[in-house]
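1. Provided below for reference: sequence and predicted model.
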Amino acid sequence: MKVLVINITKVVSVRLACVAGYWGPSCTKPCSTTCRESSCDKQDGRCQSCADGHWGSNCTNNCPTNCGGATCDKETGSCPCAEGYWGQNCEFGCGQCSEGSCDKHNGTCQCQTGWAPPRCTLCDQGYYGTSCSETCGHCVNGNTACHNVTGRCSGGCSAGWRDDTCKRACEDGYYGDQCNHSCGHCLNGNTACNKVTGFCHDGCGAGWKGDTCKIECSNGTHGKNCKQTCSNCKGSNCDRFNGTCFDGCIAGYANPDTGCVEKCMYM
């Protein structure tokens, strides 16, 4: 009898665990650098925990750049904002706050002078000062051209106004750009002219004419607004203020001191 002897060798396959930082069937795939300590699931490569600065199911999202701490919530990405920032993702910068930072949720704060509540943004054109409550003065380029903090008109004042904020009218007797012009010889004195144009509303005093009453009466005229003539004076030559005829009267008229207005009486 023949006996068949079969030698059966049992082959057992043993799969060893991957070393730290690798995953996959052959442990050849490196874990993502966004995983904490480069540690990931050995089967699918998912991070077991995110490294600082990253969040999400596979740590592929970056934390907001303005987080106050070292990192953000690993699941939601939310974080406390750093000083000077606010918003759900700390994406907004605080305005010009007077003390410290702004509210991390809505960005409100107490504002510096020249900035508008609630978030301390720049004053609208035409306003300045605390809470932007002051209106700009009569700046040369319009009432929107003043400094948001001081109200100063950088280009100077419109005609008729003075000082840094251009809110004070020219003193009586002056008018025009920077109030540098003196009023003319207005009928009621040299303080009675328009502060912008210099116009004398009631006309000119004796001996003067023109809108600003700065033009002397021409030869042959005299009096208020130069409306009276010297026609009875010899050569029409008279005093422009009171009409006195310097060279006497023409024939038929008398009293040169009063302008030769009296006709001679012949007997």
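-> Looks like it arrived, so ask away. Since this is a predicted model, take the numbers as computed values, not measurements. Residues are numbered from 1 along each chain as shown.
2. count of neighbours near E91?
-> Summarising burial for E91: neighbours were counted as other CB atoms under 10 Å, giving 12. Quick note: C-beta positions are derived from backbone N, CA and C, even for glycine.
3. Distance check, it against C79.
-> As for E91, its distance to C79 is 12 Å (criterion: CB to CB, to the nearest Å).
4. what touches both of these two?
-> P64 (CB atoms under 8 Å, 6 or more residues apart in numbering).
5. Quickly note the distance from G53 to D239.
-> G53 is 96 Å from D239, where distance means CB to CB.
6. again with G207
-> 8 Å.
7. Likewise for C18?
-> Shown here: C18 relative to D239, a distance of 120 Å by CB to CB.
8. now do S49
-> Distance, S49 to D239, using CB to CB: 107 Å.
9. do G107 as well
-> Counting by CB to CB, the separation of G107 from D239 is 77 Å.
10. between these two, who's got more neighbours?
-> Neighbours were counted for G107 and for D239 using other CB under 10 Å; G107 has more, 21 against 18.
11. how about that one, what does it touch?
-> G107 is in contact with 86-87, 92, 94-95, 118-119, counting by CB under 8 Å, 6+ apart.
12. These: which two are farthest apart?
-> Looking at the contacts of G107 by CB to CB, the two members farthest from one another are G87 and P118, with 14.4 Å of separation.
13. what about the closest residue to C81 other than its chain neighbours, how many residues close to it?
-> If the residues on either side of it in the chain are set aside, C81 comes closest to C90, at 3.9 Å by CB to CB, 6 or more residues apart in numbering. By the measure other CB under 10 Å, the count of residues near C90 is 22.
14. again, but for W115
-> Once other CB under 10 Å is used to define contacts, W115 is seen to have 22 neighbours.
15. try C102
-> 25.
16. Show me what counts as buried in stretch 93-105.
-> 94-97, 101-102, 104 (16 or more other CB atoms under 10 Å).
17. who's in contact with the closest residue to Y85 other than its chain neighbours?
-> With CB to CB, 6+ apart as the measure, N66 is the residue that lies nearest to Y85, at 4.1 Å, once sequence neighbours are left out. Taking CB under 8 Å, 6+ apart as the criterion, N66 is in contact with 81-82, 84-85, 90-91.
18. And N66, how far from E216?
-> Note on N66: its distance to E216, by CB to CB, is 74 Å.
19. pLDDT score assigned to the closest residue to C27 other than its chain neighbours?
-> On the basis of CB to CB, 6+ apart, the spatially nearest residue to C27 that is not a chain neighbour turns out to be C18, at 3.5 Å. According to the predicted model, the pLDDT of C18 comes to 88.
20. Then C18 would be within a helix, right?
-> No. Judged by DSSP: H, G, I helix; E, B strand; the rest coil, C18 forms no part of a helix; its state is coil.
21. Pull the number of nearby residues for G252.
-> Residue crowding around G252 was assessed by other CB under 10 Å; the count is 11.
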